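1. My questions are about this predicted structure, shown below with the sequence.
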Amino acid sequence: MPELSVNALRVVRAVAAHGSLSGAARTLGYSQPAISRQVSAAEKAVGQPLFVRGARGVTTTRAGELVARFAAETLAGLDRLDERLDELAHGPEVRVRVGAFPAANAALLPFALARALRRQPRLSFTLVEASSPQLVHQVIGKRLDVAVVASGPGLPQPALEGLRIAPLPGGELRVGVPRGHPLAALEGAVPVRELAHAPWIVGKGARDEPQFGAWPTLTDPLIAFRARSWHSRLGLVAAGLGICVVPDILAPVVPENIVLVRVDDPNWLGRSILAISRNDGVEAHEVIIRALREPAADQRSP
């Protein structure tokens, strides 16, 4: 039997799957005459008709069914061969399971993963968003490899014993105000007393999540709105309906019509952002942690 080409096998598989030459042409990006030529070449190689043409398309002969099954198996094998050769040349793909709390998942983690991929293109990721205590449990339970968690006043303190802990930049809190707000025009850090009578947009989440309420040391602040998502909170601020606490790690994705101001508050002890992993990590996990710890020159300066 004359040799069947790989292109002919692809065409036979597509025609059998779609039941028409035009459907195969659309799928493969060929013209219909090109599909017809490949079918004719395949039928000549086999020595039997593979399809019966009709007004509503084509039906597959018994020989066509056999060749279509053979084509599917052969092409799948060729795809696997291509993957193995690619791994031989460039190394196998490595999947890393990564998680972060919502604010870190919005900016800190995506930029870090982009930096890691530039260094090791064979990485791929599974991403999880959860509260810090949940993330710690998933790392301990080996459902996550690396997680970004928050620690500090006003937050549940997860047990980190036995885990590798790497401090990350960006644990500071700022205040987001609409561009044109009087606080946006002040130079340097805003004294905390200037925030005492401002209307606040605050978070609303599960008990073990950071709530990001009004500034932490204020007593009896005026709460204007409560919203669960960061999109909603920042939208309310941009509309001039209040101000909100914004973690420094969110700075790269804060809209341009919101200004982030620093707060001068000697009574605020601050929070920490940590990358955690088990002590049995592999080099790919180290690549992620190093990328998380690097200053992000590709991010927007607040």
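-> Now that the structure is in, tell me what you want to look at.
2. what is the mean pLDDT for the helix or strand residue 276 falls within?
-> Secondary structure from DSSP states H and E places residue 276 in strand 272-277. Regarding strand 272-277, the rounded mean pLDDT is 90.
3. what's the next secondary structure element after that strand?
-> Taking DSSP H and E, what comes next after strand 272-277 is helix 283-293.
4. Next, the buried residues of that next one.
-> 284, 285, 287, 288, 289, 291, 292 (16 or more other C-beta atoms under 10 Å). C-beta: built from backbone N, CA, C; applies to glycine.
5. now these in a markdown table, with distance to residue 237?
-> A markdown table is the format used below for those (distance: C-beta to C-beta, whole Å):
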| residue | distance to residue 237 |
| --- | --- |
| 284 | 38 |
| 285 | 36 |
| 287 | 36 |
| 288 | 32 |
| 289 | 32 |
| 291 | 30 |
| 292 | 27 |
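6. Out of the residues you listed, which is nearest to residue 245?
-> residue 292 (22.3 Å; C-beta to C-beta).
7. Quick check, pLDDT for the closest residue to that closest one other than its chain neighbours.
-> Excluding its sequence neighbours, the residue lying closest to residue 292 (C-beta to C-beta, 6 or more residues apart in numbering) is residue 112, at 4.4 Å. pLDDT for residue 112: 92.
8. which residues touch the helix or strand containing residue 112?
-> Secondary structure from DSSP H and E places residue 112 in helix 108-119. Outside helix 108-119, the residues that touch it by C-beta atoms under 8 Å, 6 or more residues apart in numbering are 98, 100, 123, 125, 127, 148, 168, 170, 249, 252, 273, 287-288, 290-292, 294, 296, 298-299.
9. Beyond that helix, next helix or strand please.
-> Heading C-terminal from helix 108-119 (DSSP H and E), you reach strand 123-129.
10. Give me the neighbour count for residue 118.
-> Residues lying near residue 118 (other C-beta atoms under 10 Å) number 9.
11. I'd like to know how far it sits from residue 149.
-> Using C-beta to C-beta, to the nearest Å, residue 118 is found at 25 Å from residue 149.
12. go on, residue 17?
-> 48 Å.
13. Show me which of those two is the more surrounded one.
-> The neighbour comparison of residue 17 against residue 149 (other C-beta under 10 Å) goes to residue 149, with 27 against 14.
14. My assumption is that that one lies in a strand; please confirm.
-> Yes: checked against DSSP: H, G, I helix; E, B strand; the rest coil, residue 149 lies within a strand.
15. give me the beta-bridge partners of it?
-> residue 274 (DSSP bridges).
16. Show the contacting residues for it.
-> Here residue 149 is in contact with 100, 101, 132, 135, 136, 158, 273, 274, 276 (criterion: C-beta under 8 Å, 6+ apart).
17. what's the burial count for the fourth one?
-> Neighbouring residues of residue 135 were enumerated by other C-beta under 10 Å; the total is 26.
18. The closest residue to it other than its chain neighbours and residue 122: what is the separation?
-> Sequence neighbours aside, residue 147 is the residue nearest to residue 135 in space, at 4.0 Å (criterion: C-beta to C-beta, 6+ apart). To residue 122, residue 147 is 22 Å away according to C-beta to C-beta.
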